[in-house]
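[1] sequence and predicted structure below; questions after.
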Amino acid sequence: MMRKETRHTGKTSAKAMISSASRSAVRRVASMMFVFSLLAFVSLACSKDDDPVDNDLFVGQYKGHITYTKGETHIDAKDGKVEVVKVGKNYNFIFSDDIPNLTGVQFEKEGENTVINIGSDEAHLIKIDESTLFIAYTKDGEIWSANCSR
């Protein structure tokens, strides 16, 4: 009996290469479209004219003097930044300069364009509007402060 010997050259057909290349290109284009759409959305959400009071979704950066104290640790940044992210009634404050973040803070409307955190008192005060952020907040022996604008 004679056996037919076949050799595999390891070459991929041109048709398979084109198909693979076009799938890869489509994926790249789709990824780029997603990234550009996301950037456009974030740009609109971060407009300096945006007021956190009027939006269920808000992202804005405030710059100014921020501090944090816990025990012997004290951080003082005169040119600090606070990224404010609001989803619904919950606000998250993401601080620069290795200051721990404040998350899940709820607010209520105070006046026309200002919100103040629920349960505010001398130890828990956060006020925010479209142009200013003021924080004087104490929790579990930690103290955050911010006097910022955008």
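    Thanks, I have it. Numbering: from 1, shown residues only.

[2] and stretch 134-150, end to end?
    Start and end residues of stretch 134-150 are separated by 12 Å (Cα to Cα, to the nearest Å).

[3] and that stretch, what's buried?
    By neighbour count with 16 or more other Cβ atoms under 10 Å, stretch 134-150 contains the buried residues F134, I135, A136, Y137, W144, S145, A146, C148, R150. No exception for glycine: its C-beta is placed from N, CA and C like everyone else's.

[4] do the same with stretch 89-100
    Y91, F93, F95, I99.

[5] please look at the third one and T67 and confirm they touch.
    Right, F95. No. F95 lies out of contact with T67 (Cβ atoms under 8 Å); the separation is 9.8 Å.

[6] what's the overlap in contacts for these two?
    When contacts are counted by Cβ atoms under 8 Å, 6 or more residues apart in numbering, F95 and T67 have W144, A146 as shared neighbours.

[7] how about S131, nearest residue that isn't a chain neighbour?
    S149 (5.7 Å; Cβ to Cβ, 6 or more residues apart in numbering).

[8] partners of the one you found in the sheet?
    Under DSSP bridges, the beta-bridge partners of S149 are K63, T132.

[9] isn't it right next to G60, touching?
    No. Using Cβ under 8 Å, S149 makes no contact with G60, being 10.8 Å away.

[10] so which residues of this protein form strands?
    Secondary structure of the chain by DSSP state E: the strands cover 57-70, 73-87, 90-95, 102-109, 115-117, 124-128, 132-139, 142-149.

[11] which strands and helices sit next to the fourth one?
    Using 3 or more Cβ pairs under 8 Å, 6 or more residues apart in numbering; DSSP states H and E as the contact criterion, the secondary-structure elements in contact with strand 102-109 are strand 90-95, strand 115-117, strand 124-128, strand 132-139.

[12] turn the ones you listed into CSV, including mean pLDDT.
    Shown next, in CSV, are the helices and strands packed on strand 102-109 (pLDDT from 0 to 100):
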stretch, mean pLDDT
strand 90-95, 94
strand 115-117, 61
strand 124-128, 84
strand 132-139, 92
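
[13] out of the ones you listed, the one nearest G71 is which?
    Among those, strand 132-139 comes nearest to G71, with 13.2 Å by Cβ to Cβ.

[14] what angle do that closest one and strand 73-87 make?
    Between strand 132-139 and strand 73-87, the angle comes out at 120 degrees (axes from the mean of the first three to the mean of the last three Cα atoms, to 10 degrees).
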